[in-house]
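Asks: Here is a sequence together with a model predicted from it:
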Amino acid sequence: MSGVASTKPGPSLEGLSELARLSVDGSSEGIERILSLARAALDMDVALLGSFDGDFVVEAVDGENDWFDLEVGTHLPVEQTYCMRMTQGELPHLIHDAAADARTADLPLTREAGIGAYIGAPIRLWDGTLYGTLCCLSRAAEPSLNDRDVRFLRVLAEIVADQIDREQLESEKRKLEWSRIRAILDSDHMDIEFQPIFDLLDCRIVSLEALARFWTEPMRSPSAWFAEATEVGLGVELELAAIRAALLRLDDFPADVAIALNVSPTTALDPRFCELLVGVAERVVIEITEHAQVDDYDALRAALAPLRERGAQLAIDDVGAGFANLRHILRLAPDIVKLDLSLTQEISRDPAREALASSLVGFAGGVGASIVAEGISSDEDLALLRTLGVDYGQGYHLARPSSLLH
């Protein structure tokens, strides 16, 4: 069969360029594009990806499928398929005319599906596991298919295998990450420390920022834990757990000292957050990070409105970090603007930082918000921030976070 002369042009230069790009593409659309490329390059009616999972399961399909009726999720007994027989060596990778080939002419699938031509390649994962096959079908016989086409399909199958390997590794990574976050939620591996925020005029503590700390492997920053929780769909759960833990300490502090809670917009929109603040809203500062994306400002304002009416204050955190804009401030009208430590640290030595901080202090005053400077690290910085009119401050120079405050 492989000696039949080819009248087909084979994969085009455009197709080969696409092949090269797919070989390094880890996107979820990669497999669909591979099927489309295979079907077009080989001039077949249908290209499909199938897996062996007890049955032969159609995982993806491309082409004119009405004739073969192979939809995603279709299950076929493996013993009836060309693909399993091909992987076992009972059938070749290429069948030009299934109805005329003695090895396939009497198979039920040949008659029932009306298969004219078949070309397939096994998909083996990095550990040698046979995952399934990449194959193409045609209603008519295709005498022009040849060994070059088989080699081309094998290359595509290897790319598919790489993509599946990546997806499975990512799935295992996500499962591990989910388990880690779930373990924190189900255990006592999270503590809350509190960092005082001072009135810079009289050095009186006006509030305490609640900061989560995680005492489990891998040891890393709290922001990394919250980012991982968000990636696996447990971000809100972890934030709510931290908020609950912080509020349990509320009675340990004077009644005129508020607790500042770091809250993402997604968590602020969750009804459970509002429920947690029932009866204590007047002692809470809700800190929305400037980095967090807000998809619907109207919805966020509506969710925060009843809490603010009951006395909760709203702060925008990390203002001045990078090139973040002032949209949160303009759209949410906060009570407090917190200058990021990247702006305040060593501000006494940097005229550019001083100029930007001065502008933000003026802007905050213009919209009726007070200013908190984060990350104060020296007497010189503290003195300059006071001169600029900064109302409040926090940082290691003033007081470190601690779980023992009372």
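Replies: In hand now; what should we look at?

Asks: how deep is residue 201 tucked in, by neighbour count?
Replies: Neighbours of residue 201 under the rule other C-beta atoms under 10 Å: 9. In this view, the C-beta of every residue, glycine as well, is placed from N, C-alpha and C.

Asks: which stretches of the chain form helices?
Replies: For the chain, helices defined by DSSP state H occupy the ranges 13-22, 30-42, 82-87, 108-113, 147-185, 222-231, 235-247, 265-268, 271-276, 297-309, 327-332, 341-344, 351-366, 379-388.

Asks: Buried residues, stretch 326-339. List them.
Replies: Within stretch 326-339, the residues scored as buried using 16 or more other C-beta atoms under 10 Å are 326, 328, 329, 332, 334, 335, 336, 337, 338, 339.

Asks: Please disregard the earlier target; I meant stretch 58-77.
Replies: Of all the residues in stretch 58-77, those buried under the rule 16+ other C-beta under 10 Å are 58, 59, 60, 61, 62, 63, 65, 67, 68, 70, 74, 76.

Asks: Among these, which ones are in strands?
Replies: Using DSSP state E, 58, 59, 60, 61, 62, 63, 76 are the members of the buried residues of stretch 58-77 that sit in strands.

Asks: Let's have those in a markdown table, adding pLDDT.
Replies: Formatted as a markdown table, those follow (pLDDT from 0 to 100):
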| residue | pLDDT |
| --- | --- |
| 58 | 94 |
| 59 | 94 |
| 60 | 94 |
| 61 | 94 |
| 62 | 94 |
| 63 | 91 |
| 76 | 91 |
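
Asks: what's the closest of those to residue 101?
Replies: residue 76 (19.6 Å; C-beta to C-beta).

Asks: wait, that closest one sits on residue 54?
Replies: No: with contact defined as C-beta atoms under 8 Å, residue 76 does not count as touching residue 54 (10.9 Å).

Asks: Can you get me a residue count around residue 124?
Replies: 15.

Asks: Isn't it up against residue 161?
Replies: Yes: applying C-beta under 8 Å, one finds residue 124 in contact with residue 161, separated by 6.0 Å.

Asks: Name the residues contacting each of the two.
Replies: Shared contacts of residue 124 and residue 161 (C-beta atoms under 8 Å, 6 or more residues apart in numbering): residue 131.

Asks: give the contact list for residue 392.
Replies: Residue 392 makes contact with 197, 198, 199, 200, 206, 207, 336, 370, 371, 372, 373, according to C-beta under 8 Å, 6+ apart.

Asks: Show me what it bridges to in the sheet.
Replies: Bridge pairing for residue 392 (DSSP bridges) gives the partners residue 199, residue 372.

Asks: Grab the most central residue of the protein for me.
Replies: In the chain, the C-alpha nearest the mean C-alpha coordinate belongs to residue 231, at 4.5 Å (C-alpha atoms, centre = their mean).

Asks: pLDDT below threshold where in this protein?
Replies: 1-28, 290-291, 322-325, 405-406 (pLDDT under 70).

Asks: mind running it again at 80?
Replies: For the chain, the stretches flagged by pLDDT under 80 are 1-29, 65-67, 188, 289-293, 321-326, 404-406.

Asks: before we move on, back to that, would you mind reformatting the helices of the chain (as TSV) and adding columns for distance to residue 401 while you're at it?
Replies: Listed next are the helices of the chain as TSV, based on distance: least, C-beta to C-beta, whole Å:
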stretch	distance to residue 401
helix 13-22	48
helix 30-42	45
helix 82-87	60
helix 108-113	67
helix 147-185	19
helix 222-231	11
helix 235-247	12
helix 265-268	21
helix 271-276	22
helix 297-309	25
helix 327-332	24
helix 341-344	13
helix 351-366	23
helix 379-388	18
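
Asks: How many neighbouring residues does the closest residue to residue 142 other than its chain neighbours have?
Replies: Closest residue to residue 142 apart from its sequence neighbours, by C-beta to C-beta, 6 or more residues apart in numbering: residue 117 at 3.7 Å. Here the number of neighbours of residue 117 (other C-beta under 10 Å) works out to 25.

Asks: Looking at strand pairing, list the partners for residue 117.
Replies: The partner list for residue 117 in beta bridges (DSSP bridges) reads residue 138.

Asks: Assess the claim that it and residue 96 are in contact.
Replies: Yes: judged on C-beta under 8 Å, residue 117 makes contact with residue 96 at a distance of 5.8 Å.

Asks: any residues in contact with both of those two?
Replies: 141, 142, 145.

Asks: show me what contacts the first one?
Replies: So the one you mean is residue 141. By C-beta under 8 Å, 6+ apart, the contact set of residue 141 is 96, 97, 98, 99, 100, 116, 117.

Asks: switch the cut-off to 7 Å
Replies: Taking C-beta atoms under 7 Å, 6 or more residues apart in numbering, we find residue 141 in contact with 96, 97, 116, 117.
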